[in-house]
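Asker: Model the structure of this input:
(2 chains)
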Amino acid sequence: MWKDNYCSDTDYRVYDSRREFLSKSSTGFGLLGLAGLLGADGLLSTEAQGGVMSPLSPKKPHFPAKAQHVVQVFASGAPSHVDTWDYKPELKKRHGKPIPGGSENRQALGSPYKFTKRGQSGVYVSEVWEKLKDHIDDMAVINSMFTEIPSHQVAEVMMNTGSLRLPKPSWGSWMLYGLGSLNQNLPGFVSLRAGGNPNSGNWQSAFLPGVYQGTSINTREAGVEKMIRNIRNPYIDLDEQRRQLDLVHMLNDLHSYRLKKDEKLEAQIASYEMAFKMQTEATEAFDVEKEPSNIKKMYGETAQGRQMMLARRLIERGVRCVQVFAGGWDHHTGIATNVRARAKDIDQPLAAFMTDLKQRGLFDNTVVMWSGEFGRTPDSQNLGDNEGRDHNSQAFSMWMAGGGVKGGQNYGSTDEFGKAAVENKVHIHDLHATLLHLMGFNHKALTYRYNGRDFRLTDNFGNLLKPLLA
Amino acid sequence: MKKSIRSLLVAGFFVGAIAGVQAADLSKEQLQFFETKIRPVLANNCYKCHSAAEKVKGGLTLDSKQGVLAGGSSGDPSVVPGDPQKSLLYQAVTYKDPDMQMPPNAKLPDAVIADIEKWIRMGAPDPRTGKAVTGKDVLQQRRDHWAFQKVRKPRVPNVGNRKAVANPIDSLVIAALEKQGITPSPVADRQTLIRRAFFDLIGLPPSPSQYDYYRNAKGDWYGDMLNELLASRHYGERWARHWMDVVRYSDTRGPINRNKEPATYPYAWTYRDYLIESFNKDKPYDQFIMEQLAADDERLKLRENRNNVLPALGFLTLGQRFAGNLHDIIDDRIDVTSKAFLGLTVSCSRCHDHKFDPIPTQDYYSWYNIFANTQEPEFGAERIVEDIQNSSAVYQDYMSKLQGFQKIYDANEAIMKMSGRERTKKGISRDRFRTVQNDFRRAMNNIADLNASHPGAPKRAHIVYDVKKPRDYKVFNLGDPKSQGEIAPRRFLEILSPAKRGEYKEGSGRYELAQDIASPGNPLTARVLVNRVWQHHFGETFVASPDDFGNQSIAPVNPELLDWLASYLVENDWSIKKLHKLIMSSNTYRQISVSDPRNAAKDPYNKLFWRQNVKRLEFEVIRDTILQIGGVLDDDMYGRPVNLSSFRRSIYAFVDRNGLEETMFHFDFANPDLPTGRRSQTTVPLQALFMMNSPLVIEQVKRLTQERAFSKLATSSERIEFLTERIYQRGPTSEERRVAELFIDESPDDTEAALAQSKELAAKITEARQRQKSFMKANADRQAKQMATAQREKLTGGAIKDRAPLLKWQKLAHSMMMANEMFYVH
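Answerer: Sure, this is the predicted structure:
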């Protein structure tokens, strides 16, 4: 169905006429004129092409939806659900004894953190969420998530692409493919990380066109020039650079012609155009230092505070999807201190982000979600004063809030100890189906043909979780 | 098993009775009942654990009629048509037997259970006529997987199109093409072949003189060129890097136990140098394997000094350290060994038998025990692998600095080794311990940094050796060290061993493991290597997952060719260079990369290799090429890692797994945590920004046009030719000439810019002279430091604000560098 968008009448001007032009004319239109003509086959900026659809132009979803943006806070490392969002009093009672059905050599580890009913809805929240608790009435906490393989890299990519082995597009790339972006001068899907080497599978476009790939930004060091290397050109001005890029496109076009248009080459053109526009737009968008001091204070002047502030600035400017890495949750030891420490990193920034969205009227059109890639065992891996939890793919918790989400609820549940999801189990495909629905898509109908087959984010699976919808 | 004999008899009877019933014999109602009420229930609730496509728990499959009737490993049928009470499937879903409740997580709704009962009473009509697959079949099929069968050298077929055959590769390729009615593509032109061969073998474009020579050379110029490139020392730099991707090379350790080890591997580079040298020497691949797994074993015969070979053990040691978790460190070593050499994911069997391949958990722990009986020297005692010149001043300087740090290290070591309880007993307060810990850690990192940077520090290697008294440990159930099963003797994988599998008795068993891997009879070793080499020549592979040849991989389209090449490799003493030569001498390799619509209609993804592929160049190649174009590439070999701002080849750049250098990260550099036989290929705006704006690129553009050879050219036409040849190693097309001329004609006047640039150039020269003078005065150590700074400045040319603007010809050259041709080989 999306094919139609790309096939405007001007899309296929015949190569031969241009070649003829090139071979006959030596003066006349000048280089820009030539570039305009070439632009018809390539992916030059929308303006230059006089109405030819760019692959990032905004598109309509299947049905009207509240949400326009998705912001995912990705707590990679597999946060312990029984210490954060899944209240298990029975586990506490069993503390120190083996869990039925679990390893006989391991003992139940009751959460060292206190859970309290919060908000009007009375959802149980762990004490580690000192600030986020104030938003609980807007949050739908899913306690019955499960996944396939409890190995970090694989499960992270599974969480973001729905695929364990084959490289498939990430949810952000699918959104961009389906919806385009509201700002043509910034990447439509931005992935933020404060250091580390997360797998690019988490924001990959795989077989979708390269223009839907997430752009990964390292926010470890503040300042636009540190975050986006080479954002400025110290040698020439933008007019001359424009002329350079027009020449680049022409050279590419001649090159493609010689190779009979190899598809791989197309993405390069789009990436130069985006890069060119980012030089002006991104410099402004990424400059979090411009935020007033009360806002900075609200988010907290930390790496995560900076990331969440940046996330808000980006969606405010029309960026479709933002992924924020807030990892470090692999707590094989030190549950009693480490969970609190990791939560503290993101608690205030994320709570401030939600407050900020609300005060700017952006909350209702933004889906906010927090999750890891799997959960942890309710029994202890290390005894003594350094107790930790092992990997557990059978249960984990996450939450969603904002545009179209019915907040103030728990959905699904694990067994009495939190070992495995039992009631209303939610697979990642179900989550993806629901996410797509919130953005106005029937997950079965958003497809892309590749290798002779129609692919979707949810593969052949996925059930819409209606109780999560407002 | 309870009830088994009777059930078996009954089952046998019914299987016989029902087997003849075909889908066509089912009534419309029966069919509809199955399709609407039964198949969805089975698919949604059972297939995940009981299907040929996914898991075969308990040896049971429910995705075929035969599987349902045959039942699982208990021997009982899961469905006895007509009799729900005797049908285990029905028993299980009713949850009546506490030992057998399915699906395990939640009982099915009563209505569904009633449907199942009804279905069985109807005689279990089942239209699934697809190949009957039972659980036992699946297990056997996994063993029958092509990659586990011996390599058999196929006969080279006769083909119709004999003129297109240059060597047996072509015969095998064309035979496959002819079956599909596909014709091979013509041989590419000389310029394309020159560029292709240079990038493939040495990762650099031809120099202007090489280009001129091969463009005009007579006779067997192509063969001569291959010989020159294979003999080039740059060959090892190109191919060692491919191998470093596979062995997750890094100069840092990832998460560490900060009381035991520093953040870096100060001697990782000695492994990198070993790799470069091995490739350059064309070390036989079997010997290469032996050395990387067992260079320390005296039984391993060497043609050179063992000190030269010991760094090979970096293959095992340079992985992540997982905060000191020994089990994870061993797991990483199992992972890299099995993936790199065998294309197997043995580490998937850590907690349970492999889900897709015949690799039981027992096998994992057999390997676990090999590495559990392997040790590393402690920090500071890494093996010295060169003779030390005791008397040299630089060594003396190193020693005096080392002693300073060592004193602090030694003073605190005793307390660091105490347990918490011992410390309390000795009255060491928390505060005191914290001070001790800080001093100790700082001293340790200082020592590591000194060893990593001081020119007088002896060359060492991160080696391993066997424990004195090796022993076997038990299997950890579900990967849990606290829950142990049977002893897992040290030995090779079951699927790759003869029925009577020997055990490894001497030492850790690494030597024997290496022998089993490097054996000519191993069905995987040669195939996996051939596939890797082919990938870097064609951009595509026989097996698309180069690190996984197991059941999850897609079978090669031309298995005969893969096997023929694997045999060729073994017959030719495992010589990788001979393999290159053979591949590159084929017409298959030399084809044009331009698509052909008639062929593409039959084989759109070029799986049969009817043309060359357009190959994307890696980050290292792009960067090295830019430096070479600017004429500044520093072709020193070997040594300690350098900063990316230097002009050394990219293989010498420091690789930090804690946070890759940004440019490397954005250009799809291999993940240093996991074996990466195939890098991802992305195209993102951050790569474009690097090409558009980074001083590394633009300064080379400036240098190129500041060359006398360029500035003396009088006409536009000559200049365009010069730039195209230097940047693309070919002449310009008439269209390119026209476009370039137009660009120059339309460029604004640049007299002022030219003035600014000549001032800049003059200032640089003066500065360089002054720097040289001060070098002479400074002592050795300071000199080293200044040289590092000098290199940085040579690159950036002062503060960014002061950059002199570009001239029109530089803008043109820069655009040419940004264009696609710079990133691809045809």
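Asker: Going by C-alpha atoms from here, please, whenever you check contacts or count neighbours.
Answerer: Noted.
Asker: So in chain A, which helix runs the longest?
Answerer: Secondary structure assigned by DSSP state H gives helix A:335-359 as the longest helix of chain A.
Asker: residues of it that come out buried?
Answerer: A:335-336, A:338-340, A:342-357 (16 or more other Cα atoms under 10 Å in any protein chain shown).
Asker: same question, stretch A:159-169
Answerer: Applying 16+ other Cα under 10 Å to stretch A:159-169 flags A:159-164, A:167-169 as buried.
Asker: for the record, mean pLDDT for it?
Answerer: Average pLDDT, stretch A:159-169: 88.
Asker: and the end-to-end length of it?
Answerer: Chord length of stretch A:159-169, first to last residue, is 11 Å (Cα to Cα, to the nearest Å).
Asker: Identify the residues contacting that stretch?
Answerer: Applying Cα atoms under 8 Å, 6 or more residues apart in numbering or on different chains, the external contacts of stretch A:159-169 come out as A:154-155, A:157-158, A:170-171, A:201-208, A:373, A:428-429, A:432, A:457-459.
Asker: what's the answer for stretch B:634-654, then?
Answerer: By Cα under 8 Å, 6+ apart, the list of residues contacting stretch B:634-654 reads B:237-238, B:241, B:250-251, B:267, B:269-270, B:273, B:452-453, B:620-621, B:623-624, B:627, B:632-633, B:696, B:791-792, B:795.
Asker: For chain B, what's its nearest residue on the stretch 51-200 of chain A.
Answerer: A:G196 (4.6 Å; Cα to the nearest Cα).
Asker: For that residue, grab phi and psi.
Answerer: Torsion angles at A:G196 (phi, psi; degrees, to the nearest 10) stand at phi 80, psi 170.
Asker: neighbours around it, how many?
Answerer: 16 (other Cα atoms under 10 Å in any protein chain shown).
Asker: Helix or strand next in line after the helix or strand B:Q141 falls within, which one?
Answerer: Assessed by DSSP states H and E, B:Q141 sits inside helix B:135-144. Past helix B:135-144, further along toward the C-terminus, the next helix or strand under DSSP H and E is helix B:168-180.
Asker: Could I get the buried residue list for that next one?
Answerer: Buried, per 16+ other Cα under 10 Å, within helix B:168-180: B:168-177.
Asker: Which one of those is nearest to B:L139?
Answerer: Distance to B:L139 across these (Cα to Cα) is lowest for B:A176, with 30.9 Å.
Asker: so how far is B:N643 from the closest one?
Answerer: Taking Cα to Cα, one finds B:A176 at 48 Å from B:N643.
Asker: cool, B:P546 as well?
Answerer: Taking Cα to Cα, one finds B:P546 at 30 Å from B:N643.
Asker: Looking at the two, which has the bigger crowd around it?
Answerer: B:P546 (25 against 16).
Asker: who are the neighbours in contact with the more buried one?
Answerer: Taking Cα under 8 Å, 6+ apart, one finds B:343, B:528, B:531-532, B:677-678 in contact with B:P546.
Asker: Tell me, please, where in the stretch 51-200 of chain A the pLDDT is lower than the cut-off.
Answerer: A:51-54 (pLDDT under 70).
Asker: Break chain B down into its domains, please.
Answerer: Following automatic domain parsing, chain B resolves into domains at B:4-144, B:161-186+B:522-573+B:584-613, B:238-380+B:467-519, B:390-457, B:619-666+B:683-825.
Asker: Kindly report the same for chain A.
Answerer: A:3-54+A:238-265, A:69-228+A:286-468.
Asker: Quick check: which of these is buried the most?
Answerer: domain A:69-228+A:286-468 (a mean of 21; mean count of other Cα atoms under 10 Å in any protein chain shown).
Asker: Does B:D745 belong to a helix, a strand or coil?
Answerer: Secondary structure for B:D745, judged by DSSP: H, G, I helix; E, B strand; the rest coil, is helix.
Asker: before we move on, what about A:P198?
Answerer: Here A:P198 is coil, with the state taken from three-state DSSP.
Asker: Ok, B:G485 next?
Answerer: Per three-state DSSP, B:G485 ends up strand.
Asker: leaving aside the residues next to it on the chain, what's closest to it?
Answerer: Among residues not flanking B:G485 along the chain, B:V475 sits closest, at 5.0 Å (Cα to Cα, 6 or more residues apart in numbering or on different chains).
Asker: That neighbour falls within a strand, correct?
Answerer: Yes: counting by three-state DSSP, B:V475 is part of a strand.
Asker: dump the residue contacts of it.
Answerer: B:361-362, B:365, B:484-488.
Asker: Of these, which is the nearest to B:P98?
Answerer: B:G485 (25.4 Å).
Asker: buried sites along stretch B:363-375?
Answerer: In stretch B:363-375, counting by 16+ other Cα under 10 Å, buried: B:363-374.
Asker: Including secondary structure, could those go into JSON lines?
Answerer: Converted to JSON lines, the buried residues of stretch B:363-375 look like this (three-state DSSP):
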{"residue": "B:D363", "secondary structure": "helix"}
{"residue": "B:Y364", "secondary structure": "helix"}
{"residue": "B:Y365", "secondary structure": "helix"}
{"residue": "B:S366", "secondary structure": "helix"}
{"residue": "B:W367", "secondary structure": "helix"}
{"residue": "B:Y368", "secondary structure": "helix"}
{"residue": "B:N369", "secondary structure": "helix"}
{"residue": "B:I370", "secondary structure": "helix"}
{"residue": "B:F371", "secondary structure": "helix"}
{"residue": "B:A372", "secondary structure": "helix"}
{"residue": "B:N373", "secondary structure": "coil"}
{"residue": "B:T374", "secondary structure": "strand"}
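Asker: CSV for the residues you listed, including pLDDT and distance to A:Q381?
Answerer: Formatted as CSV, these follow (pLDDT from 0 to 100; distance: Cα to Cα, whole Å):
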residue, pLDDT, distance to A:Q381
B:D363, 95, 24
B:Y364, 96, 21
B:Y365, 96, 20
B:S366, 97, 24
B:W367, 97, 24
B:Y368, 97, 20
B:N369, 97, 22
B:I370, 98, 25
B:F371, 98, 23
B:A372, 97, 21
B:N373, 97, 24
B:T374, 97, 25
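Asker: hang on, the earlier thing: could you name the helices and strands sitting against the helix or strand just after the longest helix of chain A?
Answerer: Sequence-wise, the next helix or strand downstream of helix A:335-359 (DSSP H and E) is strand A:366-371. When contacts are defined as 3 or more Cα pairs under 8 Å, 6 or more residues apart in numbering or on different chains; DSSP states H and E, strand A:366-371 sits against strand A:69-74, strand A:396-402.
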